[in-house]
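**Q** pasting the sequence and the predicted coordinates here, then a few questions.
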Amino acid sequence: MEIDRRKFLSLGPAALAGLSATPSGAGYAGQQGEALFAACARLDNGQFAAVIVTAKGHLIDTIPLSGRGHDVTCSPNGAQMVVFARRPGTFAVAVDLKNRRPPVLFTAPHDRHFYGHGAFSSDGRLLYATENDFENARGIIGIYDVESGFSRKGEFATHGIGPHDVLLTEGGKTLCVANGGIETHPAAGRAKLNLHSMKPSIAFIDTQTGDLLSKHEPTTALHRLSLRHMCRSSDDRIWFAAQWEGSVDEAPILVGHVGRDTALTFCKAEETFGIDMKGYIGSIAASGDSTMIAASAPRAGATVFIDAGSGQVVGRKSVLDGCGVAALSQNTFLISSGTGELHSSHKTSGQKEPYRLNGLAFDNHMLRLSSPVG
């Protein structure tokens, strides 16, 4: 949905402060020290929010949003998180997890919009956000100064169209960007304007200069494979998840890994993997020990598990409309669903009863916060 910028700006600090009764100056804490997770969601009254929950379904806080959110990123020290609007939204909200100061609203420039993802620099002083220079059909990384209230201090090109996810690698010296390859324009809503000529890529970019260090693209036959979401394993390999913009019955394998100097390599799976996943992977995450990769396919009602060492698909769990996925422990994951459920799962685990949050529907992504911040 298109976000009304003026409506959001009119909300003011009081409306953005969330619904928790925890007094200012007190940080968030889980139930008996449980880890906390953040996600965007739709509430039962039709409004949108960012929520903080525990794996056992305890709702810790609700931060109202003026429109649909997409993903959340957390600073390296765990002191704050930023929630991004879903494309073609222009708002982002920074939430103080340590001292519970009122959230800070900032927006993309008038000729840009967010793509729903971002990443903090390794020292936490900068925020990098994927953006669309829509008049020029050009992907952009917007650079925001955290200490000055997220004022925008610059930008550089992503060397592709439709940048979606972004993460840091190589000790924070390099940005890895998933250029989905799809041209869009706010005037056309969420329409995809160039499916016949898509050029998806994974780009590695110098954080100091914005220079392109390397770029990897699928073969011409796979030019409709939109590369969108990523996670990093402990060996600095970048795992990617894609969605297929062609006929579903021709969908290829949708998950793989790449390195700055290593070509796109797809996981080892049955030839029907992409078809079985309905041509769409919604989210991807590495386990706490980086030995396992989980990739969610909400249209197929499934989450698959991949051995990070061999690249082999080794398990699958049925989760109705399950999309958000985050590391729960060394080798287990938390999966959130559009039905308000939280599933804990490992490749060998059975169908355990999920925890349910009534009146809440989780959106695409889920992030484990660094720790229960106090």
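**A** Perfect, thanks for sending it.
**Q** so for Ser233, what's the pLDDT?
**A** Per-residue pLDDT puts Ser233 at 89.
**Q** let me redo that: Glu353
**A** For Glu353, pLDDT reads 83.
**Q** report how many residues lie close to it.
**A** 7 (other Cβ atoms under 10 Å). Yep, even glycine has a C-beta here, placed from its N, CA and C like the rest.
**Q** same check, this time on the one 10 residues further on
**A** When neighbours are counted by other Cβ under 10 Å, Asp363 registers 25.
**Q** excluding its backbone neighbours, what's nearest it?
**A** Nearest residue to Asp363, sequence neighbours excluded (Cβ to Cβ, 6 or more residues apart in numbering): Cys40, at 4.1 Å.
**Q** got the contact list for the one you found?
**A** 48-51, 65, 68-72, 83, 86, 362-365 (Cβ atoms under 8 Å, 6 or more residues apart in numbering).
**Q** now do Gly162
**A** Gly162 sits in contact with Tyr115, Asn132, Gly139, Asn179, Gly180, Gly181, Ile182, Glu183, Thr184, Pro200, Ser226, where contact means Cβ under 8 Å, 6+ apart.
**Q** next up, the contacts around the fourth one.
**A** Same thing as Asn179. Neighbours of Asn179 in contact, by Cβ under 8 Å, 6+ apart: 139, 158-164, 199-203, 227.
**Q** hmm, 10 Å instead?
**A** 130, 139, 158-165, 198-203, 215, 217, 226-228 (Cβ atoms under 10 Å, 6 or more residues apart in numbering).
**Q** what two of the contacts of Cys40 are the furthest from one another?
**A** Val51 and Arg86 (15.4 Å; Cβ to Cβ).
**Q** of these two, which one has the most company?
**A** Shown here are Val51 and Arg86; by other Cβ under 10 Å, Val51 has more neighbours (25 against 22).
**Q** isn't the more buried one right up against Met81?
**A** No - when contacts are counted by Cβ atoms under 10 Å, Val51 is not listed as touching Met81 (11.5 Å).
**Q** so what sits against both of the two?
**A** With Cβ under 10 Å, 6+ apart, Val51 and Met81 have common neighbours Ala38, Ile63, Val72.
**Q** what's the model's confidence in the strand or helix carrying the first one, averaged?
**A** Think Ala38. Assigned by DSSP states H and E, Ala38 belongs to strand 36-43. Confidence over strand 36-43 (mean pLDDT, whole number) is 97.
**Q** would you map the strands across the stretch 101-250 of the chain?
**A** 104-107, 113-120, 126-133, 138-145, 151-157, 163-169, 174-179, 201-206, 212-216, 225-232, 238-244 (DSSP state E, counting those that start in this stretch).
**Q** adding distance to Thr332, write those strands out as a markdown table.
**A** Shown next, in a markdown table, are the strands of the stretch 101-250 of the chain (distance: least, Cβ to Cβ, whole Å):
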| stretch | distance to Thr332 |
| --- | --- |
| strand 104-107 | 34 |
| strand 113-120 | 24 |
| strand 126-133 | 29 |
| strand 138-145 | 33 |
| strand 151-157 | 38 |
| strand 163-169 | 22 |
| strand 174-179 | 25 |
| strand 201-206 | 28 |
| strand 212-216 | 31 |
| strand 225-232 | 15 |
| strand 238-244 | 17 |
